[in-house]
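1. Any chance you can model this:
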Amino acid sequence: MIISYMKKLSFLSIILLLFIGCQSEKEKEQNFSPEDYGIIADSGEDTSPGFAKLVKDLKNRESDQSITIRLPKGRYDFYEEGATAREYYISNHDQDNPKKVGIALEDLKNITLDGQGSEFIFHGRMIPVSILNAENIHLKNFSIDFELPAFRQLNILEVNKDAKEIIAEIHPKNNYRIDDGKLIALGEGYETTPTTSMAFHENKRLTYQRGDVEFNPESVEEISPGKLKIKGWHQVDHTSPGERFALRTYYRPTPGIFISESKNTQLNEITVHNAEGMGLLAQLCENITLDGFSVALKGDDDPRYYTTQADATHFSSCKGKIISKNGLYEGMADDAINVHGTYLRITDIKDDHTLQASYMHDQTWGFPWGFEEDEVQFIQSDKMQTVSNESNYIRSIKPVDTDSIKGAKKFEITLKNPLPKELKEEGKYAIENLTWTPEVEFSNNRIRNNRARGTLFSTPQKVVVEDNVFDHTHGAAILLAGDANGWFETGPSKDVLTRRNRFINALTANYQFTNAIISIYPEIPDLENQEKFYHSNIVIEENVFETFDTPILYAKSVDGLTFRKNKILHNEDYKPFHWNNYVFYFEKMKNVRIKDNEFDKDFNPETDIKIELSADDALKLNNNTSKQ
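-> Below you'll find the model as predicted:
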């Protein structure tokens, strides 16, 4: 009996010791108090060094168990002086280094950073947050803004056409100077000379029929602090008091959030109010979820009309699944989302298994393009068609022009299978990585009052665009592209479903690739001689188009396009202006079905549909109705 009791006691003791050990380990893991690192809300002090120390300790902890860092709600300031310096090469951004980073989350696993409603305010030219070589990182409940954005905004007060003068108030009122009649915007530690602008009505919608407005006046003169006299600017014949101009450059040094070579990243209830590049840029990542992620103003009372220098969100050469839902995207100088890969141009054939190929766009280079075992295919650039129906796989890849991948523009790629015989003329073919292509779900988002386009998808994996509101996108609302000649952004779309979206007065100005509200526009120099279609299997259904103009859908080089059960409603909010006077404009198409749609105006296929370079039986029409 005693022996039995002692056995039970020993067993209980072991369990107790294990429990205590687990508790001790848990307590140890959870003992990362922000205050201990000098990360103090509302202090006004630089919290960049504190976050660097915190990340270092998180990296060195004994286990990878999940841990949550909770910041007391408040304002946290970040300055360049204490920021982490990094050499980052970032897709679709200017590749100047080093970059300054406020919070560099690198080489971490299973970390949640909860801002609990805090504001992160950045000073200077910085990347607010980076996530590199990380797994299971979860960011939530904070906003990102800059104390002094790179943009300057003009509020038009008076217009004197006879004198060719405009009187305007500049926001913010300080932080500028005038050199020899030129306006120079002064940042914290840098300066810019605005050369272009976005024109806004007082209601924060971009101005009708004015896309990119040059800012090239003959002279700028200060009348009083914050009040300027602008002479010889061509807008004197177009603008009126109350209009705003967001003055900017085309320079993209830093995104708001940069994610690279990471897996299973989540961002919840985060708002980027301003960035001098993309709001979020992700490259070479697997599985990213944005839920309640926004690029937006600080409410209706925000005096600013703009947010980011470029796209709200941008995904380059990712895989797995990208989910973007429940977000607000407004005031950007480019798209709400752009998903693509990158074509390399083939520059040299070394032997029947080996080639050399280069990044071509001056804002996309310096980071990995592919890895061993990745699946690839080849594209004839002028016709944008595959060279062979058989895939190939990378055996090895190495940089040619640098000692390491970082900073490389050119690669030597050896493949497992022989190269297609067609690859004889260098410079006319491109190589595409099929492994780094993601599925996309873009749902329940609102996109409004932004330049260029609403969304852009270039991936062969499944794409679902549903239950969104596209509210006054200045250009096309949705673009499916593909280009191995200029932007070099892949690739062919093979499964795209666009349903239950509402389009409100899209296309109030012209931009590249904006031929209709939905524009399927791969760049194909030799379309006439193209033998294989680029896009396929596209369905557009149950959407509502509210428009003042004519063009609803433009499509080029598609095999399998269905437009069904949609409503087209016209208004008189603006005067029709678009060069495309067709409801449907098709070039080089096959298997197109337009059926069961409702038009509030008479729909006449003979005058409302234009078909070029397509077979006679490419189009089928069924049960479309018009309200008399």
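2. Mind telling me what element the closest residue in space to Asn268 that isn't next to it in sequence is part of?
-> Using CB to CB, 6 or more residues apart in numbering and skipping the chain neighbours, the partner closest in space to Asn268 is Lys140 (4.0 Å). C-betas here are computed from N, CA, C, even on glycine. Taking DSSP states H and E as the definition, Lys140 sits inside strand 135-146.
3. returning to that earlier point: touching, the residue nearest to Asn268 and Leu113? I think so.
-> Yes: counting by CB atoms under 8 Å, Lys140 touches Leu113, with 7.4 Å between them.
4. So for the two, which sits in the more crowded spot?
-> Using other CB atoms under 10 Å, the more surrounded residue of Lys140 and Leu113 is Leu113, with 23 against 19.
5. my guess is the more buried one meets Ile69, correct?
-> Yes: using CB under 8 Å, Leu113 is in contact with Ile69, at 5.2 Å.
6. Let's see the pLDDT reported for the residue nearest to Glu286 when sequence neighbours are not counted.
-> Closest residue to Glu286 apart from its sequence neighbours, by CB to CB, 6+ apart: Gly320 at 4.0 Å. Looking at Gly320, its pLDDT is 98.
7. pLDDT weak spots in this structure?
-> Flagging of the chain using pLDDT under 70 yields the residue ranges 1-30, 628.
8. Map the structural domains onto the sequence of it.
-> Taking automatic domain parsing as the criterion, the chain consists of the domains 34-146+253-316, 152-248, 342-433, 442-626.
9. could those be laid out in JSON lines, adding distance to Ala336?
-> Below are these laid out as JSON lines (distance: least, CB to CB, whole Å):
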{"stretch": "domain 34-146+253-316", "distance to Ala336": "5"}
{"stretch": "domain 152-248", "distance to Ala336": "14"}
{"stretch": "domain 342-433", "distance to Ala336": "19"}
{"stretch": "domain 442-626", "distance to Ala336": "4"}
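10. Extract the C-alpha trace of stretch 193-209 and format it as CSV.
-> Below are the C-alpha coordinates for stretch 193-209, written out as CSV (Å, rounded to 0.1, in the frame of the first residue of the first chain):
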residue,chain,number,x,y,z
THR,A,193,11.0,69.0,-56.6
PRO,A,194,7.4,68.2,-57.6
THR,A,195,6.9,67.6,-61.4
THR,A,196,3.4,66.2,-61.6
SER,A,197,0.2,66.2,-59.7
MET,A,198,-3.2,64.6,-59.1
ALA,A,199,-6.2,67.0,-59.4
PHE,A,200,-9.1,66.6,-57.0
HIS,A,201,-12.5,68.2,-56.6
GLU,A,202,-13.5,69.4,-53.1
ASN,A,203,-15.4,66.2,-52.6
LYS,A,204,-12.1,64.3,-52.9
ARG,A,205,-12.9,62.7,-56.2
LEU,A,206,-10.2,63.1,-58.9
THR,A,207,-11.1,65.7,-61.5
TYR,A,208,-12.9,64.6,-64.6
GLN,A,209,-10.7,64.1,-67.7
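11. change the start of the numbering to 7 and stick with it
-> From this message on, residue numbering opens at 7, which makes the last subject stretch 199-215.
12. Counting neighbours, which bits of it end up buried?
-> Buried positions in stretch 199-215, judged by neighbour count with 16 or more other CB atoms under 10 Å: 200, 202-207, 210-214.
13. cool, and stretch 447-464?
-> 447-464.
14. same check, this time on stretch 618-629
-> Buried-residue list, stretch 618-629, by 16+ other CB under 10 Å: 620, 624-625.
15. same question, stretch 177-194
-> Result for stretch 177-194 [16+ other CB under 10 Å]: buried residues 177, 182, 189, 191, 193.
16. Could you measure from the first one over to Arg158?
-> Here the distance between His177 and Arg158 works out to 7 Å (CB to CB, to the nearest Å).
17. can you check the last one too?
-> To Arg158, Gly193 is 10 Å away according to CB to CB.
18. again, but for the third one
-> Between Leu189 and Arg158 the distance, using CB to CB, works out to 7 Å.
19. give me phi/psi at Lys62?
-> The phi/psi pair for Lys62 (degrees, to the nearest 10) reads phi -60, psi -40.
20. Burial check on it, number of neighbours?
-> Lys62: 11 neighbours (other CB under 10 Å).
21. need the contact list for it.
-> Counting by CB atoms under 8 Å, 6 or more residues apart in numbering, Lys62 makes contact with nothing.
22. same check, this time on Asn549
-> Contacts of Asn549 (CB under 8 Å, 6+ apart): 504-509, 572-573.
23. Would it be right to say that Leu64 lies in a strand?
-> No: under DSSP: H, G, I helix; E, B strand; the rest coil, Leu64 falls outside any strand and is assigned helix.
24. what about it, neighbour count?
-> 19.
25. All the strands of the stretch 207-356 of the chain, in order from the start?
-> 219-220, 225-230, 233-237, 250-254, 263-266, 269-278, 286-289, 292-297, 300-301, 319-322, 325-331, 334-336, 343-348, 350-355 (DSSP state E, counting those that start in this stretch).
26. Just checking: what are the partner strands of the fifth one?
-> Right, the one you point to is strand 263-266. With DSSP bridges as the test, strand 263-266 is paired with strand 133-138 (parallel), strand 286-289 (parallel).
27. still on that earlier bit, which among the domains of the chain is found nearest to Gly337?
-> Set against Gly337 and scored by CB to CB, the domains of the chain come closest in domain 40-152+259-322, at 4.1 Å.
28. List the contacts of Asn116.
-> 70-73, 141-142.
29. which SS class is it?
-> strand.
30. Please tell me how far it sits from Leu486.
-> Remark: distance between Asn116 and Leu486 (CB to CB) = 37 Å.
31. on that earlier part again, would you give the sheet partners of the next helix or strand after the strand holding Lys146, along with the direction of each?
-> Per DSSP H and E, the first helix or strand lying C-terminal to strand 141-152 is strand 158-166. Sheet pairing for strand 158-166, assigned by DSSP bridges, gives strand 171-177 (antiparallel), strand 250-254 (antiparallel).
32. Glu447 against Val470, yeah?
-> Yes: using CB under 8 Å, Glu447 makes contact with Val470 at a distance of 5.1 Å.
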